[in-house]
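Q: Kindly generate the corresponding structure for this input.
(one chain, ligands or ions: 1)
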Amino acid sequence: MLLKIINLKTTIMRNKNIGIIGSGTVGQTLGNGFIKNGYKVMIGTRDDAKLADWKKQAGENASIGSFKDAAAFGSILILAVKGQYANLALREAGTQNINGKTIIDTTNPIEDAPPTNGVIKFFTDLNESLLEKLQKEFPLANFVKSFNSVGNAFMVNPEFAGGKPTMFICGNNEDSKKVVNDILNLFGWDVADMGKAEAARAIEPLCMLWCIPGMTKNEWHHAFKLLK
Ligand SMILES: NC(=O)c1ccc[n+]([C@@H]2O[C@H](COP(=O)([O-])OP(=O)(O)OC[C@H]3O[C@@H](n4cnc5c(N)ncnc54)[C@H](OP(=O)(O)O)[C@@H]3O)[C@@H](O)[C@H]2O)c1
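A: Below is the predicted model:
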């Protein structure tokens with residue numbers, strides 16, 4: 001078992017610098033998860049100052065740059081910005097720095113509007129997800145939806161009495177999905193690959209579902225599991 005974990009780590013860590021486009025709790029949490037597993041991480045932001053504490057606590061394998069710096073640094077990228085600005089942040093990152101790379105897309109298309117009875121509002125509809133919009137604008141980048149259907153507190157090594165939770169993923173590039181599958185396994189997740197980019201139409205609204213018990217009953221300690 002130990003050997004299997006070591007093999008898994010070495011397979012996915014060959015020269016794998018992680019560039020994170022987004023400095024909020026998701027960017028920082030995933031950054032810490034990667035650093036804990038021996039990766040080097042650069043978080044991209046428009047405001048370095050807000051990451052000073054993170055850098056101090058995360059240590060020598062952590063660095064800070066612009067969205068463009070982080071995208072250039074990473075051989076695997078994480079997109080973790082406010083959904084509305086995902087396209088702008090990627091434009092700032094520059095197509096030359098994202099083309100051909102795996103982009104783990106954690107974003108949700110949440111509208112700036114109050115929830116109704118605990119149901120948050122999206123600016124997308126059920127026939128086109130945010131991931132598809134991004135894939136269309138940046139056709140040479142390999143987006144994989146992941147981590148969007150759980151709160152940041154559970155993204156790395158989630159522990160639930162009900163066992164290992166399932167992360168639903170999708171994307172058009174099979175190699176990129178393999179990379180993300182291995183990372184999710186390393187972070188303690190079972191993975192359910194739902195197929196191509198269109199499947200994000202179903203995966204993104206899982207965020208709405210995940211938030212309802214939190215918004216209505218202040219219950220935030222849960223994750224999804226696919227039973228077969
Ligand atoms: N929080 C969670 O538990 C959770 C769970 C699952 C998925 N998600 C999704 O993950 C993503 C990140 O969430 P978060 O809570 O970490 O942070 P967030 O507050 O949603 O986003 C923060 C990031 O958005 C960037 N941003 C804000 N306005 C911008 C603009 N006008 N132009 C360019 N970039 C802008 C910020 O840039 P600067 O760095 O320059 O300030 C920062 O990097 C979101 O899409 C969210 O829906 C969140």
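
Q: Now do the contacts for the residue of the chain found nearest the ligand.
A: Using Cβ to the nearest ligand atom, the closest approach of the chain to the ligand is made by Gly24 at 2.4 Å. Bear in mind the C-beta positions are built from the backbone N, C-alpha and C, glycine included. By Cβ atoms under 8 Å, 6 or more residues apart in numbering, Gly24 lies in contact with Ala80, Val81, Lys82.

Q: before we move on, what about Glu132?
A: Ala197, Glu198, Ala200, Arg201 are the contacts of Glu132 under Cβ under 8 Å, 6+ apart.

Q: what's near enough to touch Tyr39?
A: Here Tyr39 is in contact with Met13, Lys16, Asn17, Ile18, Asn61 (criterion: Cβ under 8 Å, 6+ apart).

Q: May I ask which of these has the most neighbours?
A: Ile18 (25 neighbours; other Cβ atoms under 10 Å).

Q: May I have the distance across stretch 143-153, first residue to last?
A: End-to-end distance for stretch 143-153, by Cα to Cα, to the nearest Å: 23 Å.

Q: go on, stretch 40-50?
A: 19 Å.

Q: so can I have a markdown table of the contacts of Tyr39 showing distance to Lys55?
A: Formatted as a markdown table, those follow (distance: Cβ to Cβ, whole Å):
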| residue | distance to Lys55 |
| --- | --- |
| Met13 | 22 |
| Lys16 | 20 |
| Asn17 | 16 |
| Ile18 | 15 |
| Asn61 | 10 |
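
Q: which one of those sits closest to Val179?
A: Nearest to Val179 among those: Lys16, at 8.7 Å, using Cβ to Cβ.

Q: For burial, what's the neighbour tally of the residue nearest to Lys36 when sequence neighbours are not counted?
A: What sits nearest to Lys36 in space, not counting adjacent residues and going by Cβ to Cβ, 6 or more residues apart in numbering, is Val156, at 7.3 Å. When neighbours are counted by other Cβ under 10 Å, Val156 registers 19.
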